[in-house]
Structures are given as structure tokens and as C-alpha cells.
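Participant: here is a sequence with its predicted model. Questions after.
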Amino acid sequence: MNRTAVAVELRKTRRARVVPVLAVMVIAVVALSSANLFSDSMRADLSDPSAQPWEQLLLNHVVVAAMTSPVVVAVLASRQVDIEHQGQGWTLARVCGLGPGQLCRAKALVLGAVLTLAVAVQSALVAGAGLLAGVEVAFPAGMWARYTLTLALVNLVVLFLHLWLAARVDNQFVGLGVGLLGAFYAVFALLMPAWVALALPWGHYAAISPLGTGPDGGLAAVTPAYGVLVPYLSAVVVLFAVACRRFDRAEEGPA
């Protein structure tokens, strides 16, 4: 990875206000996920294992993340790439010896790192809200950690797709529209069979849910389809790398 390209992209994140946008969204996700913790009806169940307070909180987090993450990723990718379309950035980068593919890889690295950090902070804050509310049941650390990791991975895959789309299409409203439709698909995929959720990348926000409905109607731990998820994620990474090479061979910009 070209260090100059990464340094340039880090400066562009400040111009695109990536960190403030992410901070607002993290706060919103935490607030929406933990809102019912402080209701009178919920507070009565915080020390009752049969009420599954941690599982309820995690399920809220899964739903809210599925609803917001596709839009957040689309917004960040569009803002980071639109700079190149608006200011002839692709051409100027070539003059400096940086191909469009190199820029896209640098954008993926910088945005991917920031997104992954945001997911970790978001997950920790949601868990912290549960502790602050007074949940006394044992914390399911393993389940929480696995969901946090897979959420970060799905974010990266969706980021690669949106970076490619933003680079190929000048009109960034296209990418934002796709992200919005992806959010609807992710939410509805929570109610669909696993094979339907896995059909499109945005459905993976639902497919990674570690919770399902048990025989008694309560929440039960389930194992996401990692056997499908991991190869799918790997394939998208390879396709993104191939697309970046094609961008570098293009005479002008990637569009």
C-alpha cells in the first residue's frame, strides 16, 4: 500500500468530516438500541435470567445496526470518492503517480479502519448502557464479541462494494439510493429464511444475528452461516482487488 495515498486519504477524511458523521451515528445507534433499558417495564426484568435482558439488548442492537449500517457505509464511501469526481482528483492523482485503483485501495484501508473502530466503540457502549441500567445477569461476552467481529466484517464488504460503485458512477445519489434500499433489505431479511438473507450483501447484516426464536418462543442462541459468510466475504475482497487493478489500467478515471 502506497503510504502517500494513505496519508492523502487521511487528510480527505477530515475534509469529508468522516469522524463527526460516524460519531453521530454511533451515538444514535447506542441510543436506539438501549432506549427501552430505562423503561419501568424493562427495569423490573434486569435481574431476571428468564427475561433474557442481555439477549434482548443484543437483538435490539442487531436490528438497529441492520437499519443504519448500510446507509452509513454508503454515505462515507460517497463522500470520500465524490472529492475525486468534483475536483478532477483522478487526473491529479495520476500526475502524482497514483492510479485510481491505488486511491480506492487507500480509501478502503482508511475508511475500513475507522468503521471497524466505530463498530467496536458502538458495541462497547451498548453493553455499557446495559451495565449502567443495572443488568445483573451474566454478560454473554462470547456472543457479543462474535457479533461485533462479524458486523465489522460485513461493514467492510459493503464498503468495498460502495467504493467501487462510487468510483464508477459520478452521480453519488446512485450509491446513496442503493444504500437506502440495502437498509430496507437488511431489516426485512431479519424475518426471512437465511438463504434469502445471504443472497445479497446487505442481507448479511441479518444473517450474522446470533439470536433466533427458541422452541418456547423466547430468544435462543443460533450459529450464523459462517460456512457461507466467510467465502462470500473473501470473494468480494478478491473482486475489489481485481476492480482496483482495472481502474489503474484505465487511461482516465475509473468511471
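Facilitator: Yes, it's here. Numbers count the residues shown, from 1 in each chain.
Participant: so where is the protein shaky, pLDDT-wise?
Facilitator: The model of the chain has pLDDT under 70 over residues 1-2, 40-41, 87, 89-91, 93, 95-96, 250-255.
Participant: let me know the secondary structure of Thr223.
Facilitator: Using DSSP: H, G, I helix; E, B strand; the rest coil, the structure places Thr223 in coil.
Participant: residue contacts, it?
Facilitator: By Cβ atoms under 8 Å, 6 or more residues apart in numbering, the contact set of Thr223 is Pro210. Just so you know, the C-beta spots here come from the backbone N, C-alpha and C atoms, and that holds for glycine as well.
Participant: strands of this structure, start to end?
Facilitator: Assigned strands in the chain, in chain order: 211-213, 219-221 (criterion: DSSP state E).
Participant: buried stuff in stretch 94-105?
Facilitator: 94, 98-105 (16 or more other Cβ atoms under 10 Å).
Participant: no no, stretch 68-82
Facilitator: So stretch 68-82, judged by 16+ other Cβ under 10 Å, has buried residues 68-82.
Participant: just the residues you listed now: which is nearest Pro140?
Facilitator: Lowest distance from Pro140 to these (Cβ to Cβ) belongs to Ser69, with 21.4 Å.
Participant: from Ala108, how far out is that closest one?
Facilitator: Per Cβ to Cβ, to the nearest Å, Ser69 is found 16 Å from Ala108.
Participant: hang on, the earlier thing: please flag which of the buried residues of stretch 68-82 sit within helices.
Facilitator: 68-82 (DSSP state H).
Participant: redo the buried residues of stretch 94-105 as TSV? Include distance to Gly130.
Facilitator: TSV is the format used below for the buried residues of stretch 94-105 (distance: Cβ to Cβ, whole Å):
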residue	distance to Gly130
Arg94	50
Leu98	45
Gly99	47
Pro100	45
Gly101	43
Gln102	43
Leu103	41
Cys104	38
Arg105	38
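Participant: out of these, which is nearest to Ala31?
Facilitator: Scanning those for proximity to Ala31, where the rule is Cβ to Cβ, the winner is Cys104, at 33.3 Å.
Participant: OK, contacts around the closest one?
Facilitator: The neighbours of Cys104, taking Cβ under 8 Å, 6+ apart as the test, are 81, 163-164, 167, 240, 243-244, 247, 254.
Participant: that one and Met143, how far apart?
Facilitator: 35 Å.
Participant: off-centre distance for stretch 150-170?
Facilitator: 9 Å (Cα atoms, centre = their mean, to the nearest Å).
Participant: just the buried positions in it, please.
Facilitator: For stretch 150-170, burial by neighbour count (16+ other Cβ under 10 Å) applies to 150-167, 169.
Participant: again, but for stretch 120-130
Facilitator: So, applying 16+ other Cβ under 10 Å, buried residues of stretch 120-130: 122-123, 125-127, 129-130.
Participant: of all the strands of the chain, which one comes closest to Arg43?
Facilitator: Per Cβ to Cβ, nearest to Arg43 of the strands of the chain: strand 219-221, 18.7 Å.
Participant: which strands and helices sit next to the closest one?
Facilitator: Contact partners of strand 219-221 among helices and strands, from 3 or more Cβ pairs under 8 Å, 6 or more residues apart in numbering; DSSP states H and E: helix 53-86, strand 211-213.
Participant: who does it pair up with?
Facilitator: The strands beside strand 219-221 in its sheet (DSSP bridges) come out as strand 211-213 (antiparallel).
Participant: residues making contact with the partner strand?
Facilitator: Contacts of strand 211-213 (Cβ under 8 Å, 6+ apart): 55, 58-59, 62, 219-222.
Participant: show me which residues of that strand are buried.
Facilitator: Leu211.
Participant: returning to that earlier point: which one of the contacts of Cys104 is nearest Leu46?
Facilitator: Checking the contacts of Cys104 against Leu46 by Cβ to Cβ gives Leu163 as the nearest, at 41.7 Å.
Participant: list the contacts for the residue nearest to that closest one when sequence neighbours are not counted?
Facilitator: Counting by Cβ to Cβ, 6 or more residues apart in numbering, Leu163 lies nearest to Ala77, which is 4.9 Å off, once chain neighbours are set aside. By Cβ under 8 Å, 6+ apart, the contact set of Ala77 is 107, 111, 159, 162-163, 165-166, 175.
Participant: cool, thanks, signing off.
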